[in-house]
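**Q** have a look at this prediction, sequence included:
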Amino acid sequence: MGELATLAGEIISKYLDTSCLEPVSSHILAAGKIKNPRQICINDRNIASTGDMKTPAVQDLIWSCEELDLSNNNLHLTSVPEILEHFPLLKVLNLCRNPLNGTEMMDKGFVASRLEVLVLNNCLLSWEGLFWLLQICPELKRLHLDSTTIDFAKPDQGISFPNIEVLHFSKNRLSPLVLKYLSHFFPNVKELYFMQNQSEEAWQVIDESIFTELEKLSLIDCSVCEWGEIESFGCLKSLKHLKLLNCPVLEGLDVNLRRQLVIARLPYLITLNGGETITRDARDKAERAFIRYYMEEENKPARYIFLRFIRDLELIVNFLRFVLTVYTCQIKAFLGTYHT
């Protein structure tokens, strides 16, 4: 594994050592020393602890840092509050590929009041550890939990993190229970990102009580195998933008037909796969194509029955309007003849 390093030592080595030739994007003093970088990146250095962060030179350099990348190191959970404490203006913290294990945690009285983005991909983080981190980061907006080993605990009705608006949860196994847990713990999520997720028909659990604020959903290389799973997204009335790519249910279909079959199922959708805004005319064509596609099928989806009913109702209404118009014209003609 090599010799363990400290964050303070690596900061000095990379940013304060005038012999360092590695370019960095920040203001550089005449003497060659870097002053107050907004972004600090120290990854793959086998950092296991913070070290002496109170060194005046280190303090002077890091006080204005807003983005810190410490990915692929050897940091444990106990180091996180120490890091946050020494970076008072930090908004983005990347800790992916760090162990972040351990059960010894600092007092919950510590609060990272400015942190907005936390990246915890590929970490050996427990649910207890994540729960604690979320408690000390009350302003967190964006959370990355790709490729984690978190085993979510059964939700306590009084515990949730409504501040989280964007959640990345790729390369994790999904189940109906996991989706319910995510919806409970992050009730105000507006954007959800999934990629290469194995699921057990997880999306069929979707109803109007889950992800009530969700506006954007991305499913790429996910095991969505049934149209019923996609149809269930129709319960998400706030869902406006969907990215659905490389999923088994779409295989073997013409690109245009595939798009129409998705649009027809989701009445609130505005964009699909980042394309143009779905106009009323495009939706009308999609719904007609949907009806034609399933017309001869023995097992028709519920959406087909609904759309067919609406179309038939429109025909009846239009016919009645026509009859009423003709009848009105005849009455007017009769009255005109009568008066003359």
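**A** Here it is on my side, so go on.
**Q** for Trp203, give me its contacts.
**A** 179, 224, 229-230, 232-233 (C-beta atoms under 8 Å, 6 or more residues apart in numbering). For glycine as for every other residue, the C-beta is placed from the backbone atoms N, C-alpha and C.
**Q** cool, Phe87 as well?
**A** Taking C-beta under 8 Å, 6+ apart, one finds 62, 65, 68 in contact with Phe87.
**Q** adding secondary structure, neighbour count and distance to Gly275, write the residues you listed out as a markdown table.
**A** Converted to a markdown table, the contacts of Phe87 look like this (DSSP: H, G, I helix; E, B strand; the rest coil; neighbours: other C-beta atoms under 10 Å; distance: C-beta to C-beta, whole Å):
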| residue | secondary structure | neighbour count | distance to Gly275 |
| --- | --- | --- | --- |
| Ile62 | helix | 22 | 43 |
| Cys65 | coil | 21 | 39 |
| Leu68 | strand | 22 | 36 |
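**Q** any chance of CSV for those, columns distance to Met195?
**A** CSV is the format used below for the contacts of Phe87 (distance: C-beta to C-beta, whole Å):
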residue, distance to Met195
Ile62, 33
Cys65, 30
Leu68, 25
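**Q** between the residues you listed, which is nearest Ile291?
**A** Leu68 (54.2 Å; C-beta to C-beta).
**Q** so what's that closest one bridging to?
**A** Ile40, Leu93 (DSSP bridges).
**Q** the spatially most central residue of the chain in helix, strand or coil?
**A** For the chain, Leu192 is the residue whose C-alpha lies nearest the centre (C-alpha atoms, centre = their mean; 2.3 Å). The three-state label given to Leu192 by DSSP: H, G, I helix; E, B strand; the rest coil is strand.
**Q** name the nearest residue to it, ignoring sequence neighbours.
**A** Leu217 (5.2 Å; C-beta to C-beta, 6 or more residues apart in numbering).
**Q** state the phi and psi torsions of the one you found.
**A** phi -130, psi 130 (degrees, to the nearest 10).
**Q** just the closest of the contacts of Phe87 to Glu298, please.
**A** Leu68 (58.6 Å).
**Q** can you give me the helices in the stretch 151-300 of the chain?
**A** In the stretch 151-300 of the chain, the helices defined using DSSP state H, counting those that start in this stretch lie at 176-185, 227-232, 255-265, 280-294.
**Q** between helix 255-265 and the longest one, find me the angle.
**A** So the one you mean is helix 280-294. If you take axes from the mean of the first three to the mean of the last three C-alpha atoms, to 10 degrees, helix 280-294 sits at 100 degrees to helix 255-265.
**Q** other SSEs contacting helix 280-294?
**A** helix 255-265, helix 302-339 (3 or more C-beta pairs under 8 Å, 6 or more residues apart in numbering; DSSP states H and E).
**Q** pLDDT at Ile12, what is it?
**A** Note for Ile12: predicted pLDDT of 93.
**Q** tell me which residues touch it, please.
**A** 55, 57-58.
**Q** any idea how far it is from Lys54?
**A** 13 Å (C-beta to C-beta, to the nearest Å).
**Q** swap in Leu245?
**A** In terms of C-beta to C-beta, Leu245 sits 49 Å off from Lys54.
**Q** show me the shaky parts of the stretch 51-200 of the chain.
**A** Segments of the stretch 51-200 of the chain classed as low confidence (criterion: pLDDT under 70) are 103-109, 157, 200.
**Q** now Phe169, nearest residue through space, not along the chain?
**A** Leu145 (5.3 Å).
**Q** the one you found touches Val166, doesn't it?
**A** No - contact between Leu145 and Val166 fails when scored by C-beta atoms under 8 Å: they sit 11.2 Å apart.
**Q** which of those two has more neighbours?
**A** More neighbours surround Leu145 than the other of Leu145 and Val166, with 21 against 18 (other C-beta atoms under 10 Å).
**Q** count of neighbours near Gly274?
**A** Neighbours around Gly274, by other C-beta under 10 Å: 10.
**Q** my error: substitute Glu82 in the last question.
**A** Glu82, neighbours per other C-beta under 10 Å, totals 16.
**Q** quick one: pLDDT of Pro301?
**A** So, for Pro301, pLDDT stands at 84.
**Q** contact partners for it?
**A** 227-228, 231, 265, 294.
**Q** make it 10 Å
**A** 227-228, 230-231, 261, 264-265, 290, 294, 307 (C-beta atoms under 10 Å, 6 or more residues apart in numbering).
**Q** and if you look at Ser49?
**A** Ser49 neighbours (C-beta under 10 Å, 6+ apart): 4-9, 74-76, 78-79, 82-83.
**Q** before we move on, what about Phe161?
**A** Here Phe161 is in contact with 130-131, 134-135, 137-138, 140, 143, 167, 184-189 (criterion: C-beta under 10 Å, 6+ apart).
**Q** ok, for Gly9, nearest residue in space, not its chain neighbours?
**A** Gly51 is the one closest to Gly9 (C-beta to C-beta, 6+ apart), at 5.4 Å.
**Q** count of residues packed around the closest residue in space to Leu75 that isn't next to it in sequence?
**A** Distances taken as C-beta to C-beta, 6+ apart place Asn98 nearest to Leu75, at 4.3 Å, with adjacent residues excluded. Using other C-beta under 10 Å, Asn98 has 26 other residues around it.
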